[in-house]
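>>> next input, structure requested:
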Amino acid sequence: MGEQAPREEQQRGPNPVDVHVGSRIKIRREFLGFSQEHLAERLGIAYQQVQKYERGVNRISASRLLALSQVLDVPISFFFDDMPDNPLRTEDRLDHWEPLELARAYWRISDSGVRHRVLELIKSMAPPDPEQQEPQELATVP
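Residues are numbered from 1 along each chain as shown. Next comes the predicted model:
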């Protein structure tokens with residue numbers, strides 16, 4: 001008899017897709033300022049279950065994913081956004097805390113004029129985005 005391919009349950013560690021979905025849950029939860037306990041309470045589950053979802057240790061059923069999308073006020077597709085072609089790749093991951101802190105601080109600025117100036121300041125410090133380049137003005141002939 002030939003060898004059988006290892007079953008998914010026999011894999012070592014969490015599935016990369018489950019890890020990605022879990023990281024997206026954590027990002028949105030933290031963005032909203034929810035604790036794991038608060039999210040768990042809203043879902044009617046134990047906070048330990050939220051911990052396991054966020055680490056990708058436990059898989060999330062379709063009905064639970066729908067409930068998460070409603071509680072976190074995002075479409076279900078949010079959990080799969082930015083999923084890299086190679087789920088094992090670690091660069092460009094969205095679980096860095098800096099963008100989250102920046103966004104939260106930005107929205108705490110009550111003056112919309114100040115927010116706009118902060119945005120312009122940040123954009124001025126970043127290298128130009130080639131996809132967002134404005135077309136060159138045509139030279140006028142004197």
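>>> would you map the helices across the protein?
Listed in chain order, the helices of the chain (DSSP state H) span residues 16-32, 36-43, 47-55, 62-71, 97-108, 112-125.
>>> packing partners for the worst-scoring helix or strand of the chain on mean pLDDT?
Using mean pLDDT, DSSP states H and E, the weakest-scoring helix or strand in the chain turns out to be helix 97-108, at a mean of 80. Contacts defined by 3 or more Cβ pairs under 8 Å, 6 or more residues apart in numbering; DSSP states H and E place helix 97-108 against helix 16-32, helix 112-125. (C-beta placed from N, C-alpha, C; glycine too.)
>>> need the pLDDT of the spatially most central residue of the chain.
Taking Cα atoms, centre = their mean, the centroid of the chain lies closest to Arg24, which sits 3.7 Å from it. If you check Arg24, the pLDDT there is 93.
>>> give me the distance between it and Ile109.
Using Cβ to Cβ, to the nearest Å, we find Arg24 at a distance of 26 Å from Ile109.
>>> make TSV from the helices of the chain and add distance to Phe78 to it.
Below are the helices of the chain laid out as TSV (distance: least, Cβ to Cβ, whole Å):
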stretch	distance to Phe78
helix 16-32	6
helix 36-43	15
helix 47-55	14
helix 62-71	7
helix 97-108	15
helix 112-125	23
